[in-house]
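Participant: just the structure for this:
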Amino acid sequence: MKNLFIILLALIAFTGCKQKSKLDDKVAAVASSSTATVAEADAPKVKFEKEIYDFGVITQGEKVQFDFKFKNTGKTPLIITDATATCGCTVPEYPKTPIKPGEEGLIKVVFDSAGKIGMQDKQVTIFSNANPEADKLHLVGEVKEKK
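Facilitator: Now for the predicted structure:
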């Protein structure tokens, strides 16, 4: 009876391992298909009109807004997945829908100078399916102390 129990337990364990293996294969297949990259020649490409915006001299507490214009010069749709700033004082807004080849778009960036003083270089990193997949934009200028 004890041997039968051990054999049954071993059989269940081997069956469980086999099912897990099939599941692992499916997960790996889905992961590889979702991360498949487009050939470099066909990849979307982002061309910004301007990557650095100099807002000059402002007074502490003022807000600066600039729209970075870009064009997809590649051969496939551009998908922007994220835009992050170096601090919470700078907020980027980006298009959530794909930008077709030849189309243009805007990335709106707002910098709030409250609590800031001196020379500023606020960087926004744009992540997309383009080649290269990350672009850096800058808002630069000087914040004078409010009197």
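Participant: what is the least confident helix or strand in the protein?
Facilitator: helix 2-34 (a mean of 44; mean pLDDT, DSSP states H and E).
Participant: so for the next helix or strand after that helix, what gets flagged as buried?
Facilitator: Of the helices and strands lying after helix 2-34 in sequence (DSSP states H and E), the nearest is strand 46-48. Neighbour-count burial for strand 46-48 flags Val46 (criterion: 16 or more other CB atoms under 10 Å). All C-beta atoms are positioned from the backbone trio N, CA, C, and that covers glycine.
Participant: what's the model's confidence in strand 46-48, averaged?
Facilitator: Within the predicted structure, the mean pLDDT of strand 46-48 is 95.
Participant: other residues contacting it?
Facilitator: 68-73, 78, 126, 128, 130, 135, 137 (CB atoms under 8 Å, 6 or more residues apart in numbering).
Participant: wait, what's in contact with Thr76?
Facilitator: Counted by CB under 8 Å, 6+ apart, Thr76 has contacts 38, 42-44, 101.
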